[in-house]
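A.B. asks: no FASTA, just this:
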């Protein structure tokens, strides 16, 4: 089953994203913990796009497509902002982050832990971040 959401690039729209994902994922057989982990991962990617690629410009938007298959859930996040390829991102050293008491910088690490596959495509006017979670066989 496919679901789509257009999300304008304002931080206050993230609650709309969480509500949408909660509704979509309620139809799956995921545990509450797994469902909340997926929501957290998708929200992290979208928040990074809204803040860093679009500078919270309310005229910009990102599109989210959720495709639930028998063995996986695929989240496609599309935008036309500044490209950021999270698959090439070098994570900061956790000890250094703690030592410097730096806020942020660990979201991509979290997304990588939660998702099974992360793909990134970029063309002249569109970026696609694909997050894939494999579902356990029944």
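C.D. replies: The structure has been received and is ready for your questions. Here the structure is a predicted model, which means the values were calculated and not measured. Residues are numbered from 1 along each chain as shown.

A.B. asks: going forward, measure contacts and count neighbours with C-alpha atoms only.
C.D. replies: OK.

A.B. asks: for this structure, what spans make up the helices?
C.D. replies: Secondary structure of the chain (DSSP state H): helices located at 14-26, 32-48, 94-100, 107-114.

A.B. asks: Rebuild these as CSV, extending it with mean pLDDT and mean neighbour count.
C.D. replies: Below are those laid out as CSV (pLDDT from 0 to 100; neighbours: other C-alpha atoms under 10 Å):
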stretch, mean pLDDT, mean neighbour count
helix 14-26, 96, 16
helix 32-48, 94, 18
helix 94-100, 56, 10
helix 107-114, 84, 17
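
A.B. asks: can I get these in TSV with distance to residue 62?
C.D. replies: Formatted as TSV, the entries for these read as follows, by distance: least, C-alpha to C-alpha, whole Å:
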stretch	distance to residue 62
helix 14-26	11
helix 32-48	8
helix 94-100	29
helix 107-114	18
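
A.B. asks: Which one of these lies nearest to residue 83?
C.D. replies: Closest to residue 83 of the helices of the chain is helix 32-48 (C-alpha to C-alpha; 11.2 Å).

A.B. asks: can you give me the angle that closest one makes with helix 14-26?
C.D. replies: Our comparison of helix 32-48 with helix 14-26, counting by axes from the mean of the first three to the mean of the last three C-alpha atoms, to 10 degrees, yields an angle of 140 degrees.
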